[in-house]
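In: give me coordinates for this.
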Amino acid sequence: MESPFKPDVLKGKVALITGGGSGIGFEISSQFGKHGASIAIMGRRKQVLDSAVSDLRSLGISAIGFEGDVRKPEDAKRVVESTFQRFGRIDILVNAAAGNFLSAAEDLSTNGFRTVLDIDAVGTFNMCHEALKYLKKGGPGRDSSSSGGSILNISATLHYTASWYQIHVSAAKAAVDATTRNLALEWGTDYEIRVNGIAPGPIGGTPGMSKLVPDEIENKTREYMPLYKLGEKWDIAMAAIYLSCDTGKYVNGLTMVVDGGLFLSKPRHLAKEAVKELSRVVEKRSRAKPVGLPTSKL
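Out: Sure, this is the predicted structure:
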């Protein structure tokens, strides 16, 4: 689909994207690159990184990949510093690295719970913490007259209510959202860094959908989604561009829900025609009652 943004809206910007080699992270990487940014992606799997960098460069995008685990502060520090050394600045940090799997709460081990918290919540903090000096106003590679950079954290809507078999992910994403708000307050005030998030709904063609949502569940979910369709990775990437470019320069501390309204939805308990018929019956009963003010007994 055609982008609503100008092709050079991110020209001259440098974006570091964790989990940028696959799924939503790669779509953000490619769309940022197509809109003028230089791209550094971070991930644990060298083969995935190499393939992603090759694909980005084939599109004419300046891109580089760094192996690293966001759970390890030393890896976060090394990748952030390497990105700066390669491009001379860092303007945008996107935390898209995530872990997920289905498990009933009683079957989930402490290690399984901790692993997802470490990747999503601790990993997001590690990357933000190491990128601060490069993103803040007047930081290395940044003109002191310009504002600070931008951080974008990829979250979810699971914790807005509750989700079956994903207590670990719900807890992790709740922590990510809290991190987004707190950093938006502190670093927005002190360093002019904008910190926002995106909470995607079910997005087609992603590892999460294939791993977590069997086809029969996917079809059932579509029945009560307000827009009756899955989202696309492109939808998330366009939201990411908006929040990272000057168009969103006055947006700070927001986690934007991009899920077609699914988090608002509930299964339909009555068919629409049944509701209409019930309403007619109630209306007829109402009309049959005499109209007048009630009189009190003396």
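In: could you list the low-confidence segments of the protein?
Out: Residue ranges of the chain with pLDDT under 70: 205-229, 267-269, 288-298.
In: any buried residues in the longest helix along it, and which?
Out: Longest helix in the chain by number of residues (criterion: DSSP state H): helix 167-191. By neighbour count on 16 or more other C-beta atoms under 10 Å, the buried set for helix 167-191 is 167-177, 179-181, 183-184, 187, 191. Every C-beta, even on glycine, is put in place using the N, C-alpha and C of the backbone.
In: same thing with stretch 123-141?
Out: 123-128, 130-137, 139.
In: of these, which is the nearest to Ile90?
Out: Tyr134 (4.2 Å; C-beta to C-beta).
In: helices along the chain, start to end?
Out: 23-34, 46-58, 73-87, 110-117, 123-135, 167-191, 207-212, 215-223, 233-244, 272-288.
In: among these, which is nearest Leu10?
Out: The minimum distance between Leu10 and the helices of the chain falls on helix 23-34, with 5.8 Å, by C-beta to C-beta.
In: contacting residues around that closest one?
Out: Helix 23-34 has contacts (C-beta atoms under 8 Å, 6 or more residues apart in numbering) with 3, 7, 10, 13, 15, 17-21, 39, 41, 52, 55-56, 59, 61-63, 92, 94, 96-97, 154, 200, 203, 206-208, 233-234, 236-238, 240-241, 244.
In: the same query, at a cut-off of 6 Å, please.
Out: Residues from elsewhere that reach helix 23-34, judged by C-beta atoms under 6 Å, 6 or more residues apart in numbering: 10, 15, 17, 19-20, 39, 41, 52, 56, 61, 94, 96, 206-207, 233, 236-237, 240.
In: with stretch 129-139 instead?
Out: 76-77, 80, 84, 90, 93, 140, 144, 147-149, 191-193.
In: ok, of these, which come out buried?
Out: So, by 16+ other C-beta under 10 Å, the buried ones in those are 76-77, 80, 84, 90, 93, 147-149, 191-193.
In: so which of these is the closest to Ser109?
Out: Ala76 (25.5 Å).
In: follow-up on the earlier one: distance to Arg45 added to the buried ones among the contacts of stretch 129-139, as JSON lines?
Out: What follows is the buried ones among the contacts of stretch 129-139, written out as JSON lines (distance: C-beta to C-beta, whole Å):
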{"residue": "Ala76", "distance to Arg45": "17"}
{"residue": "Lys77", "distance to Arg45": "20"}
{"residue": "Val80", "distance to Arg45": "19"}
{"residue": "Phe84", "distance to Arg45": "23"}
{"residue": "Ile90", "distance to Arg45": "23"}
{"residue": "Leu93", "distance to Arg45": "20"}
{"residue": "Ser147", "distance to Arg45": "35"}
{"residue": "Gly148", "distance to Arg45": "32"}
{"residue": "Gly149", "distance to Arg45": "27"}
{"residue": "Tyr191", "distance to Arg45": "33"}
{"residue": "Glu192", "distance to Arg45": "35"}
{"residue": "Ile193", "distance to Arg45": "30"}
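In: out of those residues, who's nearest Leu262?
Out: Leu93 (27.3 Å).
In: how near is Ile24 to Tyr242?
Out: Going from Ile24 to Tyr242 by C-beta to C-beta, to the nearest Å gives 15 Å.
In: cheers, nothing more for now.
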